[in-house]
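Participant: I'll drop the sequence and a predicted model, then ask my questions.
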2 protein chains.
Amino acid sequence: MNLEDVETPFLTVDRSVVQANIGRLRTRLDGLGVGLRQHVKTAKSVEVARLLHNGTPGPITVSTLAEAEAFADAGYRDILYAVGIAPHKLARVVALRQRGVDLIVLLDSVEQAAALAADRTGMAGIPALIEVDCDGHRGGVAPNDPILLTIGQTLRDGGADLRGVLTHAGESYFADGDDALRAAAENERRCAVLAAETLRAAGHGVPVVSVGSTPTAHFATDLTGVSEVRAGNFVFFDLVMAGIGVCTVDDLAMSMVTTVIGRRPDKGWILTDGGWMATSRDRGTARQRVDQAYGLVADIDGVLYDDLLMSDASQEHGILSIRPGSTAPLPGIPIGARVRILPIHACATAAQHDRYHVIEPGSRTVQDIWTRVTGW
Amino acid sequence: MNLEDVETPFLTVDRSVVQANIGRLRTRLDGLGVGLRQHVKTAKSVEVARLLHNGTPGPITVSTLAEAEAFADAGYRDILYAVGIAPHKLARVVALRQRGVDLIVLLDSVEQAAALAADRTGMAGIPALIEVDCDGHRGGVAPNDPILLTIGQTLRDGGADLRGVLTHAGESYFADGDDALRAAAENERRCAVLAAETLRAAGHGVPVVSVGSTPTAHFATDLTGVSEVRAGNFVFFDLVMAGIGVCTVDDLAMSMVTTVIGRRPDKGWILTDGGWMATSRDRGTARQRVDQAYGLVADIDGVLYDDLLMSDASQEHGILSIRPGSTAPLPGIPIGARVRILPIHACATAAQHDRYHVIEPGSRTVQDIWTRVTGW
C-alpha cells in the first residue's frame, strides 16, 4: 500500500521526522538535567510514544482517562492525568491504580482535595499535584496564594499523597520572539519552584515540580528546581509552532492527504475532498504574524507549492488558493491528484482521524498503521 | 442510566425536539409540494434519519462514502453522495450500486464526467448530478456556462446517466434577515431550474432538480421546478442557525454535557472538563451579530443560565464566563456539577463524538444510545 492507495482524506506521518523531533528535545532536556514526561494528547498513539524511550514505557502525561487506560493496557505505569480531577472520575482513577498504575491526578481546590481525601474505595493515598497558575490562562492557584497550603493540609489530613506541583505556561503559545519565549519559560519555572518552596516550608514533601509546554520546553535555559518537563505537540509540530518560532516547517511530521476534485479558475480555487472534518476548524495562526488559514499545501511527496494555502473549508470540501498578496500562479494540479495539507494545530487535526499512515522520507510506501485513542 | 451517570464530556439529544424539527420542515415542504432528501451529514445516525420517514428508509444525501455504506447496511437504497466525485472513489460507488443501492454522484467537470463515462467495472450508467454554482461559495458551474452542455454530452456519449442538477445556497449561511433568506432561496431555485432548462433544451432528460440548505429550506416560498430539497442541520439546529433566524434556541436538540472542575473568581471563570475536543473549534457565530463564543450554557436539565457563555476552550478544558457587557452574576455552580453547552455548529460538535445519549423532555433518563458513522 502506498499514499496513492489509501482512501482520502487521511493522515500520514513521517516516522523519521518524529524521531528527529524527539531526539532534539531529549538532547536539550538532558543538557538541562531534567526528565521528559511526554504529553501523549497530541498523537494519542502508543506507537508514537514508544519512539521516545526506545520502546520501553516511560513516564507520560494524559489528557483523558481513556488515554490512561489505553496506555496502561500497553504497559505504561507512570501516568499523570493533567486535567483537574472531577470527583466522579475517582472510581476510574482507583481502578487504574489497582492495576498497578501510578496514576497521579491534578487539582486546584479544597473541594477536590477533600473528595480525594474522602476516597475510601480501597486505595490509600491517591497522589495529586496541585495546579499552579503562572500566567492566567487556565486553572490553578497563584504560587503565593494561602489556599495552596490549605489544599496541602486537606490532602495530608485525609491521607492523600501530595506528590508535588504543576504549572503550564499557556501564555507561551502567544509569545512573540525568542526573548518572550525564554521569559515565559523562566516565569513558568519560577512559579512552580516558588509554590514548591511554599509547601516545603509548611512541612510538605514536594518531590515533583512539573512544568511544561512545547514552546517553553524548547526555550528554557535553566530548569533549576524543576523535576520534569511536559511537552506533547513537539512529536508532530504544526504551523502554530512554526509561527511562534519553536520549529521550522520542515519539522512538521504529520500531514493530511486529500484528493483534488475540482477547479474554479474564475475564483482562483482548487477544490479538494478534505474539509474541516479532516483538518478541524482550528485557525490558530489567525492571530499570528502570518495567517496560514487551514494549512500549507504540498504535493504528495511533501514538496511545498509556492504560496498555496488551504484557504477555506466546509465539512467535506477544502479550497486551495494562492496567499493574498502573492503573485505566485495557481498550480495546475489535475483532478484526481493528491496533495498534503500541513496542519495549523496538530492536536486538533489528528483528533479528526483514527489512525496514521506511517512513511519514511523519500518513499510513498505505507510502512505501518498506527491507531489513535479516541473518546474520554 | 441518566445524565448524571455518563462519563463527561458527552452528547445528549432530546428526541422530541428532533421530531418537532423534522415535523416542521416536512409540513413546510409538503405545503410547497416538494420532497425532502435529508442530508445525514449532521447526525450521521441511522436512528435520527429513521425519525423522518416513520422508520422506513427514505431518500438521503451523504457527505462521505462511509455514510453511504453504513446507511446501505441499514436498508437505505436511494442515496446521493453530494461531494464532487474523485475518480478513485468510483470503485466504492460501483460496489454499492452492485448491492442494489441507487447511489448518485456529483460532478462539475468534463474530467469527472469522462472518468464516469469510462467506468467499465460491470455497471452501466452510474447516475450523476451536475453541480451548479448559484452564489460562489464552493464548486459548480454557472447555470448558463456552455460547459454544462459539454459535461452533459460527455456523460451521454459515455453511457453514464445524467440524472439532473444540484445546487447549494452557501451564501444563505451569511444571510441577514428574512428578506435575504427568501432571496437566497429564490436564487437557489432559479439557478437550478435555469441549468435544468438549459440541459433539457439540448435534449437531456433532467428528472432531478435538487436544491437545499437548512436556511433556504425554511425560507423558500416557491419551489416551482424543483424536485427535491436537501437539508441536514435542521434535525439538531445550532446557534449559527438561531443567529441567522432559522430557529430559536429552544429548537436546539443536541447539547454537550460537561462537569465543572474548577473556579477562578479572580477571573470570573468556571472551568469544565469539556474543551474543544468536545465542542470542536468552530466559532461560526464570530461573524454574526451576537457572538456566542463556544456556546450557551444551561444546567443539566437544559435551563439556560443568564448570559453565561463557554467563552474559551483548550483541548480538554472549557472556560465559562459572563457575556461581555452583561451585569449578570457568575452563577455559583459547584465543582462536580454538570452543565450543558448548546453548540455553535451542530455538525462540527457532533463530529467530536461517537454517540448520542437520547432523552425525553423533563427527564434525565437516558432512553437510548444512538451511534454515529465515523471516518470516510
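Facilitator: Yep, that arrived.
Participant: how's chain A carved up into domains?
Facilitator: A:34-235, A:253-371 (automatic domain parsing).
Participant: Are the lowest-mean-pLDDT helix or strand in chain A and chain B in contact anywhere?
Facilitator: Counting by mean pLDDT, DSSP states H and E, chain A has its least confident helix or strand at helix A:110-118, which shows a mean of 93. Yes. Contact of helix A:110-118 with chain B (CB under 8 Å from any CB of the partner chain) involves A:111-112, A:115. Backbone N, C-alpha and C define where each C-beta goes, glycine included.
Participant: Check the offset of the helix or strand following that helix from the chain's centre.
Facilitator: Using DSSP states H and E, the next helix or strand after helix A:110-118 towards the C-terminus is strand A:127-132. Once both centres are worked out by CA atoms, centre = their mean, to the nearest Å, strand A:127-132 turns out to sit 20 Å from its chain's centre.
Participant: Find me the pLDDT at the most far-flung residue of chain A relative to its centre, would you?
Facilitator: The outermost residue of chain A relative to its centre, with distances by CA atoms, centre = their mean, is A:D266 at 39.6 Å. In this model, A:D266 is scored at 92, pLDDT.
Participant: do the same with A:R120
Facilitator: 68.
Participant: do the same with the one 5 residues further on
Facilitator: According to the per-residue confidence, A:G125 scores 83 in pLDDT.
Participant: who touches it in this structure?
Facilitator: By CB atoms under 8 Å, 6 or more residues apart in numbering or on different chains, A:G125 lies in contact with A:159-161.
Participant: gap between the least confident helix or strand of chain A and the chain center?
Facilitator: Put simply, helix A:110-118 sits 28 Å off its chain's centre (CA atoms, centre = their mean).
Participant: In PDB, list the C-alpha atoms belonging to it.
Facilitator: Provided in PDB are the C-alpha atoms of helix A:110-118 (Å, rounded to 0.1, in the frame of the first residue of the first chain):
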ATOM      1  CA  VAL A 110     -10.000  22.400  48.600                       C
ATOM      2  CA  GLU A 111     -13.200  20.700  47.300                       C
ATOM      3  CA  GLN A 112     -11.200  18.400  45.000                       C
ATOM      4  CA  ALA A 113      -8.700  17.800  47.700                       C
ATOM      5  CA  ALA A 114     -11.500  16.800  50.100                       C
ATOM      6  CA  ALA A 115     -13.000  14.500  47.600                       C
ATOM      7  CA  LEU A 116      -9.600  12.800  47.100                       C
ATOM      8  CA  ALA A 117      -9.000  12.600  50.800                       C
ATOM      9  CA  ALA A 118     -12.500  11.200  51.400                       C
END
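Participant: any chance of the domains of chain A in JSON lines, plus distance to B:A20?
Facilitator: Shown next, in JSON lines, are the domains of chain A (distance: least, CB to CB, whole Å):
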{"stretch": "domain A:34-235", "distance to B:A20": "32"}
{"stretch": "domain A:253-371", "distance to B:A20": "25"}
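Participant: Spell out which parts of the stretch 51-200 of chain A neighbour chain B.
Facilitator: Counting by CB under 8 Å from any CB, the stretch 51-200 of chain A comes close to chain B at A:63-65, A:83-89, A:92, A:108-109, A:111-112, A:115, A:136, A:138-139, A:170.
Participant: Just the buried ones from these?
Facilitator: A:63-65, A:83-89, A:92, A:108-109, A:111-112, A:115, A:138-139, A:170 (16 or more other CB atoms under 10 Å in any protein chain shown).
Participant: Mind checking which of the residues you listed land in helices?
Facilitator: A:65, A:92, A:111-112, A:115 (DSSP state H).
Participant: one step back: looking at the residues of helix A:110-118 next to chain B, which is nearest B:K41?
Facilitator: Distance to B:K41 across these (CB to CB) is lowest for A:Q112, with 39.6 Å.
Participant: can you tell me which residues contact the closest residue to that closest one other than its chain neighbours?
Facilitator: Excluding the flanking residues, the one nearest A:Q112 by CB to CB, 6 or more residues apart in numbering or on different chains is A:I85, at 5.7 Å. Neighbouring residues of A:I85 by CB under 8 Å, 6+ apart: A:93, A:105-107, A:112, A:115-116, A:128, B:261.
Participant: Drop anything exposed from the residues you listed.
Facilitator: The neighbour count (16+ other CB under 10 Å) marks A:93, A:105-107, A:112, A:115-116, A:128, B:261 as buried among the contacts of A:I85.
Participant: can you put those residues in CSV and add distance to A:E7?
Facilitator: CSV is the format used below for the buried ones among the contacts of A:I85 (distance: CB to CB, whole Å):
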residue, distance to A:E7
A:V93, 38
A:V105, 40
A:L106, 39
A:L107, 43
A:Q112, 44
A:A115, 46
A:L116, 46
A:A128, 44
B:I261, 38
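Participant: Report all helices and strands that the least confident helix or strand of chain A contacts.
Facilitator: Applying 3 or more CB pairs under 8 Å, 6 or more residues apart in numbering or on different chains; DSSP states H and E, we find helix A:110-118 packed against strand A:102-107, helix A:147-157.
Participant: With just CA atoms, put the last one into PDB.
Facilitator: As requested, C-alpha coordinates have been extracted for helix A:147-157 and formatted as PDB (Å, rounded to 0.1, in the frame of the first residue of the first chain):
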ATOM      1  CA  ILE A 147      -5.000  28.400  49.500                       C
ATOM      2  CA  LEU A 148      -2.000  26.400  48.400                       C
ATOM      3  CA  LEU A 149      -1.300  25.500  52.000                       C
ATOM      4  CA  THR A 150      -5.000  24.800  52.700                       C
ATOM      5  CA  ILE A 151      -5.100  22.300  49.800                       C
ATOM      6  CA  GLY A 152      -1.900  20.700  51.000                       C
ATOM      7  CA  GLN A 153      -3.200  20.400  54.500                       C
ATOM      8  CA  THR A 154      -6.500  18.900  53.300                       C
ATOM      9  CA  LEU A 155      -4.700  16.300  51.400                       C
ATOM     10  CA  ARG A 156      -2.400  15.500  54.300                       C
ATOM     11  CA  ASP A 157      -5.200  15.300  56.800                       C
END
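Participant: quick one: buried residues of it?
Facilitator: Neighbour count says helix A:147-157 has A:148, A:151-156 buried, by 16+ other CB under 10 Å.
Participant: quick one on the thing from earlier: the helices and strands packed on helix A:110-118: which one's closest to B:I300?
Facilitator: Evaluated over the helices and strands packed on helix A:110-118, closeness to B:I300 peaks at strand A:102-107, with 22.6 Å, by CB to CB.
Participant: Next, the angle helix A:147-157 makes with the closest one.
Facilitator: Here strand A:102-107 runs at an angle of 140 degrees relative to helix A:147-157 (axes from the mean of the first three to the mean of the last three CA atoms, to 10 degrees).
Participant: Tell me which other helices or strands strand A:102-107 touches.
Facilitator: Contacts defined by 3+ CB pairs under 8 Å, 6+ apart place strand A:102-107 against strand A:78-84, helix A:90-98, helix A:110-118, strand A:127-132.
Participant: Would you mind finding the most buried of the ones you listed?
Facilitator: Comparing those by mean neighbour count (mean count of other CB atoms under 10 Å in any protein chain shown), strand A:127-132 comes out on top with a mean of 25.
Participant: Identify the residues contacting that strand?
Facilitator: Under the contact criterion CB under 8 Å, 6+ apart, strand A:127-132 has outside partners A:80, A:84-85, A:102-108, A:113, A:116, A:139-143, A:148, A:151-152, A:155, A:160-167, A:191-192, A:195, A:199, A:208, A:210.
Participant: hey, C-alpha coordinates of that strand in CSV?
Facilitator: Extracted in CSV, the C-alpha atoms of strand A:127-132 (Å, rounded to 0.1, in the frame of the first residue of the first chain):
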residue,chain,number,x,y,z
PRO,A,127,-1.2,11.0,44.6
ALA,A,128,-2.0,14.5,43.5
LEU,A,129,-0.2,17.5,42.1
ILE,A,130,-1.5,21.0,42.9
GLU,A,131,-2.0,23.1,39.8
VAL,A,132,-0.3,26.5,40.0
